[in-house]
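In: how would this look folded up:
(4 chains)
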Protein chains: 2
Amino acid sequence: MLDDIDRVLVSRLQQDATQPYAALGAAVDLSAGSAHERVRKLRERGVIRRTTVDVDPAAVGRDVLAYVLLGSDAWMGDAATRDALAAIPEIQEAHIIAGTASVLVKVRTATTEDLQALLRRLFAIDGVTSTQTIVVLESFFERPVSVDPD
Amino acid sequence: MLDDIDRVLVSRLQQDATQPYAALGAAVDLSAGSAHERVRKLRERGVIRRTTVDVDPAAVGRDVLAYVLLGSDAWMGDAATRDALAAIPEIQEAHIIAGTASVLVKVRTATTEDLQALLRRLFAIDGVTSTQTIVVLESFFERPVSVDPD
DNA sequence: CGACTTGACCGTACCAGATTCGGAAGGCAG
DNA sequence: CTGCCTTCCGAATCTGGTACGGTCAAGTCG
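Out: Got it, this is the predicted structure:
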């Protein structure tokens, strides 16, 4: 489905998606045209979803990072819950989880006061009965999905 | 530091970093040249860290997503801990956290068996005395940092 | 065995679009 | 008022994306 050359191409693009196809091709001993064709197919197949930019959260006023576990008294796996969460821009990820809590959300706010206000909003969502907040003191790293074969 | 035009430009680039500067400029009523100049400065200032591609984790054999809380009997905020974690490709994020646990890591593996093997490796890291694993059943969404002003 | 199909590759040529540049128009301090 | 700084535009240049035609190797079927 995905050979070694594809993996190298994807990995290089993760590091820098602005490099010319000629450089990309040189890294895998292919011509620019062939490298281009492979990348085109990777996009077509959905392996590469999109090309985007990586933004420094601190530079856009998002200094506080926290994970919040939401407890509930009802099933929260429906679209209404997703939409309610998606409507809050501070929420970066939302997942349904196994275990005592129901949902895990990753949030970024400007200040801890904003985090408090956000928790209030989370409580207001239908079904939410409790929150447990894990505040990040320092991030070791955040990086793209590894494409290494294991 | 970052005006409304910059925010729109960054937001557009997050959605699609391949669009021509002319289109980018049209979105904010600027010429292609001016849009280009603003984006160049955003990169220079580090607001935009890099241009990258968004890869479908399932397409590269990373179907299982989990968060693992690491407990410890020693301070884990040093470089040795970071390096030990960074050496494991399945780990996508690692943060030092406040609360009962010490470190939170986000991991992606191919199977739950691989997740189990990964937990074994985490236990082997100096200082780690316990792990608590939160397995994701379904992801509502994962999206880039919002650049909205609040 | 030989004709046909398929898929991946290469090299070339064209042209869209990135990048650079000079100059104009505002804003502001002295 | 004058000089300085920032931001913008439009034009010119040139890099690099994209399309195309042709070669080669591997597989398929009569």
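
In: quick one: the longest strand seen in chain A near chain B?
Out: As assigned by DSSP state E, the longest strand anywhere in chain A is strand A:128-142. Yes - shown here: strand A:128-142 in contact with chain B (C-beta under 8 Å from any C-beta of the partner chain) through A:134-142. For every residue, glycine as well, the C-beta is placed using N, CA and C.

In: need the three-state assignment for the most centrally placed residue in chain A.
Out: For chain A, the residue nearest the mean C-alpha position is A:Glu93 (6.5 Å; C-alpha atoms, centre = their mean). Here A:Glu93 is recorded as strand under DSSP: H, G, I helix; E, B strand; the rest coil.

In: can you tell me the closest non-neighbouring residue to it?
Out: Counting by C-beta to C-beta, 6 or more residues apart in numbering or on different chains, A:Glu93 lies nearest to A:Lys106, which is 4.0 Å off, once chain neighbours are set aside.

In: what's near enough to touch that neighbour?
Out: By C-beta atoms under 8 Å, 6 or more residues apart in numbering or on different chains, the residues touching A:Lys106 are A:65-67, A:91-94.

In: which phi and psi does it have?
Out: The phi and psi torsions at A:Lys106 (degrees, to the nearest 10) take the values phi -100, psi 130.

In: any idea what it is bridged to?
Out: Beta-bridge pairing of A:Lys106 under DSSP bridges involves A:Tyr67, A:Glu93.

In: so how far is DNA strand D from it?
Out: 33 Å (C-beta to the nearest atom of the strand, to the nearest Å).

In: now swap in A:Val68 and tell me
Out: In terms of C-beta to the nearest atom of the strand, A:Val68 sits 37 Å off from DNA strand D.

In: for that residue, what are its contacts?
Out: Counting by C-beta under 8 Å, 6+ apart, A:Val68 makes contact with A:104-105, A:107, A:119, A:122, A:131-134.

In: distance of it from DNA strand C?
Out: 39 Å.

In: check what pLDDT that residue gets.
Out: Per-residue pLDDT puts A:Val68 at 98.

In: mean confidence score for stretch A:120-132?
Out: On average, stretch A:120-132 scores 95.

In: give me the buried stretch members for it, please.
Out: A:122, A:125, A:127-128, A:131 (16 or more other C-beta atoms under 10 Å in any protein chain shown).
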